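Trainee: Here you go, sequence then predicted model.
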Amino acid sequence: MTGRRPPDRPRRRYAIPARIFVGNLNLGTTGDALTQLLSEAGNVVEVYLPSDRETGRPRGFAFVQFASEAEAAEAIRLFHDREVDGRKLTVNAAEDRPPRRDGPRPFDPTRSGGGGGGDRPGRGKPFKRKGSRRGLRGRKRSL
């Protein structure tokens, strides 16, 4: 059954109509401020402001879900190219992330935030021997 979708699984959509993407946000914009601003267009159900993994700071965009498709379309009409906090917003329908063609990303130790060092440059953290403390003490005594 290769290449066929099971009948009980719904077909994937690539546009989520009640969800919009809001880009070019000021980094000081909060979820509450965005909810208050976009409530002009309709009932805001959820606001998601992604943050950077390493710094924890906002990334400058958000995904906003409305109660209906008509409200999302109204938000796009009202807020696309509107200036907010000195920045011109980009507002459009959010698209579902397409599936990866090559499957999950393989582990790459050079990309991990391991910090490097040790005798293996560019290979992440230096090798740490595994074992119990008792075993380590015994090895130290035998040297």
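Mentor: Thanks, I have it.

Trainee: So which bits of the one helix or strand Ala33 maps to are buried?
Mentor: Here Ala33, judged by DSSP states H and E, is contained in helix 31-38. By neighbour count with 16 or more other C-beta atoms under 10 Å, helix 31-38 contains the buried residues 34, 37-38. Quick note: C-beta positions are derived from backbone N, CA and C, even for glycine.

Trainee: Packing partners of that helix?
Mentor: Contacts defined by 3 or more C-beta pairs under 8 Å, 6 or more residues apart in numbering; DSSP states H and E place helix 31-38 against strand 44-48, strand 61-66, helix 69-79.

Trainee: now these as JSON lines including mean neighbour count and distance to Asp96?
Mentor: Output for these, formatted as JSON lines (neighbours: other C-beta atoms under 10 Å; distance: least, C-beta to C-beta, whole Å):
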{"stretch": "strand 44-48", "mean neighbour count": "15", "distance to Asp96": "14"}
{"stretch": "strand 61-66", "mean neighbour count": "20", "distance to Asp96": "11"}
{"stretch": "helix 69-79", "mean neighbour count": "17", "distance to Asp96": "14"}
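
Trainee: hmm, who's touching the helix holding Ala33?
Mentor: Contacts to helix 31-38, defined as C-beta atoms under 8 Å, 6 or more residues apart in numbering, come from residues 22, 25, 44, 47, 49, 62, 64, 75, 79, 84.

Trainee: returning to what we had before: adding distance to Thr29 and mean pLDDT, write the helices and strands packed on helix 31-38 out as CSV.
Mentor: Formatted as CSV, the entries for the helices and strands packed on helix 31-38 read as follows, by distance: least, C-beta to C-beta, whole Å; pLDDT from 0 to 100:
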stretch, distance to Thr29, mean pLDDT
strand 44-48, 10, 94
strand 61-66, 8, 95
helix 69-79, 13, 95
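
Trainee: Next up, the contacts around Leu27.
Mentor: The contact partners of Leu27, by C-beta under 8 Å, 6+ apart, come to 57-58, 60.

Trainee: All set, thanks.
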